[in-house]
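Participant: let's see this in three dimensions:
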Amino acid sequence: MTHDAYTLTLPQVQTSCMVFASPHSGRDYSHDFLRRTILDELQIRSSEDAFMDRLVAPAAAHGAPLLSARMPRAFLDLNRACDELDPAVVEGVKRPGHNPRIASGLGVIPRVVANGRAIYSGKISLAEANARIETYWRPYHARLSQLMDDTNKTFGRAVLVDFHSMPHEAVQSAAQPGFARPEVVLGDRFGAAADGTIVDRIETIFLESGLRVSRNSPFAGAYITQAYGRPSRGHHAIQIEIDRALYMNEQYVRPNGNFDSFRKLMERVVAEIADVGRNEIPLAAE
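Facilitator: Prediction:
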């Protein structure tokens, strides 16, 4: 099922309470957008979670829906609230109270990509910003909300596993002295967004696949994890960040020599996560 804002891949029969999503892997760069940015075609892709939708594509084959964004993060960030508008890039917006995401140029309409490189030479109009939100942000989140509600009604709970990728250099800050840097970071907003039993199971899956895992450092989860993680209502949300260097050449935004083997590893990981959603999970908060 394809919409301007997303691609939804549904299983023939949903057998898992897991809902997979990839909100930052969109790569539909319009000619108009590329014409307006001052970045080249590689630079504009530097904040994209390239290929993440391909890595989690087996979800539907294992009984779980997969929602993938089509529009690129540099154009519109689905992991931000729709009112996180940056006055430095959108005309006519009042300066908000302190918001570190907006201050760093990473509002719902981003001002910069990776390494703080500006996307535009000036500002876009408020009307254009609102049009992007109405055309892409609202439909994506309406579909995701519906998936979570329907899954909760069917299974008694819904677990959003929100897949992202992180620049290799970004995980250096998460490495503790004497320990290797993590390759996977699980974010559950320090337990507020998901029952710990589920997070434990997912952590074990990654660890048993041979990957190093940390929790909530340096990424604890942003808007999506906060908005959809409501354990008391049976809605759980976990952000999963994976080191891009494991499967891609970050400089040229293309698969590296390890891509095929990592894709096979991820197929097993996705299958096992879906299995967690098929089996009865004893949860403390429900």
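Participant: show me the beta-bridge partners of Val159.
Facilitator: Met18, His236 (DSSP bridges).
Participant: report the contact partners of it.
Facilitator: 17-19, 194, 198, 236-238, 276-277 (CB atoms under 8 Å, 6 or more residues apart in numbering). Backbone N, C-alpha and C define where each C-beta goes, glycine included.
Participant: try it again at 10 Å.
Facilitator: The neighbourhood of Val159, defined by CB atoms under 10 Å, 6 or more residues apart in numbering, consists of 16-20, 64, 148, 151-152, 194-195, 198-199, 202, 228-229, 231, 234-238, 273, 276-277, 281.
Participant: mind checking how far it is from Phe262?
Facilitator: Remark: distance between Val159 and Phe262 (CB to CB, to the nearest Å) = 23 Å.
Participant: my guess is Ala237 meets Met148, correct?
Facilitator: Yes: in this structure Ala237 lies within contact range of Met148 using CB atoms under 10 Å: 8.6 Å.
Participant: overlap of the contact sets of these two?
Facilitator: Joint contacts of Ala237 and Met148 (CB under 10 Å, 6+ apart) are 19, 21, 158-160, 228, 230.
Participant: could you dump the residues you listed into a markdown table and include distance to Phe190?
Facilitator: Putting the shared contacts of Ala237 and Met148 into a markdown table (distance: CB to CB, whole Å) gives the following:
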| residue | distance to Phe190 |
| --- | --- |
| Val19 | 22 |
| Ala21 | 21 |
| Ala158 | 21 |
| Val159 | 17 |
| Leu160 | 17 |
| Tyr228 | 16 |
| Arg230 | 15 |
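Participant: backbone phi and psi for the closest residue to Ser145 other than its chain neighbours, please?
Facilitator: Distances taken as CB to CB, 6 or more residues apart in numbering put Tyr228 closest to Ser145, at 7.8 Å, once the chain neighbours are dropped. Reported as degrees, to the nearest 10, the phi and psi values for Tyr228 are phi -100, psi -10.
Participant: show me where the stretch 151-286 of the chain has helices.
Facilitator: 196-208, 223-228, 259-276 (DSSP state H, counting those that start in this stretch).
Participant: just these: most buried one?
Facilitator: Sort the helices of the stretch 151-286 of the chain by mean neighbour count, taking mean count of other CB atoms under 10 Å, and helix 223-228 sits at the top with a mean of 21.
Participant: mean confidence for that one?
Facilitator: The average of the pLDDT scores along helix 223-228 is 97.
Participant: need the residues that contact that helix.
Facilitator: In contact with helix 223-228 (CB under 10 Å, 6+ apart) are residues 19, 21, 23, 77-82, 84, 101, 108, 141, 144-145, 147-148, 158-160, 162, 164, 187-189, 192-194, 219-221, 235-239.
Participant: closest to Asp243 out of the helices of the stretch 151-286 of the chain?
Facilitator: helix 259-276 (10.3 Å; CB to CB).
Participant: the closest one - contacts with which helices or strands?
Facilitator: Under the contact criterion of 3 or more CB pairs under 10 Å, 6 or more residues apart in numbering; DSSP states H and E, helix 259-276 touches strand 18-22, helix 52-55, strand 158-166, helix 196-208, strand 235-243, strand 248-249.
Participant: using PDB, write out every CA atom in the third one.
Facilitator: The C-alpha atoms that make up strand 158-166 are tabulated as PDB, following Å, rounded to 0.1, in the frame of the first residue of the first chain:
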ATOM      1  CA  ALA A 158       1.000  -3.000  20.500                       C
ATOM      2  CA  VAL A 159       4.800  -2.600  20.300                       C
ATOM      3  CA  LEU A 160       6.300  -0.100  18.000                       C
ATOM      4  CA  VAL A 161       9.800  -1.000  17.000                       C
ATOM      5  CA  ASP A 162      11.100   2.200  15.300                       C
ATOM      6  CA  PHE A 163      14.200   1.600  13.300                       C
ATOM      7  CA  HIS A 164      16.900   4.200  12.800                       C
ATOM      8  CA  SER A 165      20.500   4.400  11.900                       C
ATOM      9  CA  MET A 166      23.300   6.500  13.500                       C
END
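Participant: buried residues of it, list them for me.
Facilitator: Within strand 158-166, the residues that count as buried by 16 or more other CB atoms under 10 Å are 158-166.
Participant: out of those residues, flag the one nearest to Ile133.
Facilitator: Out of these, the member with the shortest distance to Ile133 (by CB to CB) is Asp162, at 19.5 Å.
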